[in-house]
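Visitor: fold the following.
(one chain, ligands or ions: 2)
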Amino acid sequence: MIYSDFKGMKLSRLGFGCMRFATDPETGAIDQEKVNAMFDAAIAAGVNYFDTAYPYLNGNSELAMAEALSKYPRDSYYIADKFPGHSMPGGPVDNVALFMRSLEKCRTDYFDFYLFHNITEWSVKIYESESYHILPDIFRMRDEGRIRHLGFSFHGGKELLEEFLTKYEGEFDFVQIQCNYLDWTLQDAKEKYDIITRHGLGVWVMEPLRGGKLARLNETNTARLRELDPDASAASFGFRFLQDLPNIKVILSGMNELFQVEDNIRTFAEHKPLTDKEREVLLDMAEGMKSSVPCTGCRYCCAGCPMELNIPYLIECYNDLKVDYSLGSSMRLDALDPDKLPSACIGCGQCSHACPQGIDVPAVLAELSDLYAKGPKWAVTAKSREEAIRRDLHMD
Ligand code: SF4
Ligand code: SF4
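Guide: Ligands and ions are numbered 1, 2, ... in the order given. The predicted model follows:
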């Protein structure tokens, strides 16, 4: 296993993401035996980082993770958990009670790593709201020793990332972002990596294979990778791209089958840097996967929009969803107020007149609205996250 040095710890670069455990399609119950077997294999190979979140699997991920770890000494692994500020059920809650409930479910009295979950342009308003009081409460948990290292997971734009890190300089140790060879340019992951590094923090990676898309390539791309190395899996190329970036400390993989654990263990057994040719092929494949609307983000269209829509952001979401309808990409739309969704566009066409790229914005937004409405329904919805909080805090 390859490890990262981080503040005196040796973190396995492969982190076990606990968001995708296999569940019974009828009851939603997690297959605990399967989870135990995957954890045993991962721990035997040296994995020591486990990442869950309050709302994963309707609040049951924390419980399954704790059960699978219960036979190992607490100081032999690191747990990361997250505060669900993006899913508050209609108003402020007792943040400390919610945090304590997470500790209890994870059978621990401290978190090695704790994150504000899913900071976006929308959720940051909740996190920073005085009435919700989330940041001061969680900073206090850290100051009282219940959190060893504080960070946040981030799904917003690079401007917000820079602004947030500057505003809270000194409060955080790490930031978790969506990063892979496709999002390196598609979701500005390169710029985000540079911003976090410049602020002196560690980079944690989620969606290293973009929800599995980069592990299941089309025939042409599969053949291109076979030519480079006939024995290597598509997933291994995706992971090696990230291993080459020195400030990426932990790469989370949401494993739900033993064979995935075994393949990942092989990939993380040693650091085998990509050759220039291999990197070139991956980035070229990424270009081919995009079918982008060529928005430059100039915002000339925004001033005249009667609905005050964030048009370049919506076009980014569109480009993202067209590549792959993943949970990560739909979360960017989930994060918007209903009156800022693409369905709020009244088709007046002001934006298209202002657009130097000649983009037919109303048509793009109509298609995006349709895609979003018809998209897959995820097991973890905003509603189910809110219900879990209500249940745990006895709010009903
Ligand atoms: S067409 Fe839609 S996005 Fe464009 S200015 Fe009008 S309301 Fe705004
Ligand atoms: S004016 Fe056109 S290119 Fe500029 S942000 Fe708006 S849609 Fe994008």
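Visitor: what mean pLDDT does stretch 274-285 have?
Guide: Mean per-residue pLDDT for stretch 274-285: 96.
Visitor: give me the buried positions along it.
Guide: 274, 278, 279, 281, 282, 285 (16 or more other CB atoms under 10 Å). Bear in mind the C-beta positions are built from the backbone N, C-alpha and C, glycine included.
Visitor: domain parsing for the protein?
Guide: 3-282, 291-396 (automatic domain parsing).
Visitor: for the ones you listed, which has the smallest mean pLDDT value?
Guide: Looking at these, the weakest mean confidence is domain 291-396, a mean of 81.
Visitor: is any part of it close to ligand 2?
Guide: Yes. Judged by CB under 6 Å from any ligand atom, domain 291-396 and ligand 2 are in contact via 295-301, 311-312, 315, 354-355, 357, 359, 361.
Visitor: give me the subset of these touching ligand 1.
Guide: When contact is defined as CB under 6 Å from any ligand atom, the residues of domain 291-396 next to ligand 2 meet ligand 1 at 311, 361.
Visitor: among the residues of domain 291-396 next to ligand 2, which ones are in helices?
Guide: Judged by DSSP state H, helices contain the following of the residues of domain 291-396 next to ligand 2: 311, 312, 315, 354, 361.
Visitor: which of these has the most neighbours?
Guide: residue 361 (27 neighbours; other CB atoms under 10 Å).
Visitor: next up, the contacts around residue 152.
Guide: Counting by CB atoms under 8 Å, 6 or more residues apart in numbering, residue 152 touches 115, 116, 117, 119, 164, 172, 175, 176.
Visitor: hmm, the strand or helix carrying the fifth one touching ligand 2?
Guide: The reference is to residue 164. For residue 164, the element it lies in under DSSP states H and E is helix 158-167. No. On the criterion CB under 6 Å from any ligand atom, helix 158-167 is out of touch with ligand 2, staying 13.4 Å away.
Visitor: quick one: contacts of that helix?
Guide: 119-121, 124, 152, 154, 172, 175, 188, 191-192, 195-196, 199, 201.
Visitor: at 10 Å what do you get?
Guide: 116, 119-121, 124, 127-128, 152, 154, 156-157, 171-172, 175, 177, 187-192, 194-196, 198-201, 297 (CB atoms under 10 Å, 6 or more residues apart in numbering).
Visitor: mind checking which of those residues land in helices?
Guide: 124, 127, 128, 189, 190, 191, 192, 194, 195, 196, 198.
Visitor: which one among these gets closest to residue 321?
Guide: For these, the closest approach to residue 321 (CB to CB) belongs to residue 189, at 17.0 Å.
Visitor: ok, how many other residues are close to the closest one?
Guide: 23.
Visitor: show me what contacts it?
Guide: Taking CB under 10 Å, 6+ apart, one finds 158, 177-183, 203, 205, 207, 242, 245 in contact with residue 189.
Visitor: any chance of these in JSON lines, plus distance to ligand 1 and neighbour count?
Guide: JSON lines is the format used below for the contacts of residue 189 (distance: CB to the nearest ligand atom, whole Å; neighbours: other CB atoms under 10 Å):
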{"residue": "158", "distance to ligand 1": "23", "neighbour count": "17"}
{"residue": "177", "distance to ligand 1": "28", "neighbour count": "25"}
{"residue": "178", "distance to ligand 1": "26", "neighbour count": "25"}
{"residue": "179", "distance to ligand 1": "30", "neighbour count": "26"}
{"residue": "180", "distance to ligand 1": "30", "neighbour count": "25"}
{"residue": "181", "distance to ligand 1": "32", "neighbour count": "26"}
{"residue": "182", "distance to ligand 1": "27", "neighbour count": "27"}
{"residue": "183", "distance to ligand 1": "25", "neighbour count": "24"}
{"residue": "203", "distance to ligand 1": "34", "neighbour count": "25"}
{"residue": "205", "distance to ligand 1": "33", "neighbour count": "24"}
{"residue": "207", "distance to ligand 1": "28", "neighbour count": "27"}
{"residue": "242", "distance to ligand 1": "36", "neighbour count": "20"}
{"residue": "245", "distance to ligand 1": "37", "neighbour count": "17"}
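Visitor: out of the residues you listed, which sit inside strands?
Guide: Cross-referencing the contacts of residue 189 against strands under DSSP state E gives 177, 178, 203, 205.
Visitor: what's the last one in contact with, if anything?
Guide: Residue 205 is in contact with 13, 15, 176-180, 183, 189, 193, 239, 242, 245, 248-253, counting by CB under 10 Å, 6+ apart.
Visitor: and if you look at the second one?
Guide: Contacts for residue 178 were tallied using CB under 10 Å, 6+ apart; they are 153-155, 186-187, 189, 192, 205-208, 210-211, 320, 326, 328-329, 331-332.
Visitor: beta partners of residue 78?
Guide: For residue 78, the beta-bridge partners are residue 49 (DSSP bridges).
Visitor: that one: neighbouring residues, count only.
Guide: Residue 78 has 21 nearby residues by other CB under 10 Å.
Visitor: is it true that it touches residue 12?
Guide: Yes. Using CB atoms under 10 Å, residue 78 is in contact with residue 12, at 8.7 Å.
Visitor: anything in contact with each of the two?
Guide: Common neighbours of residue 78 and residue 12 (CB under 10 Å, 6+ apart) are 48, 49, 50, 250.
Visitor: go through those and name the one nearest residue 19.
Guide: Distances from residue 19 to the shared contacts of residue 78 and residue 12, taken as CB to CB, are shortest for residue 50 (11.3 Å).
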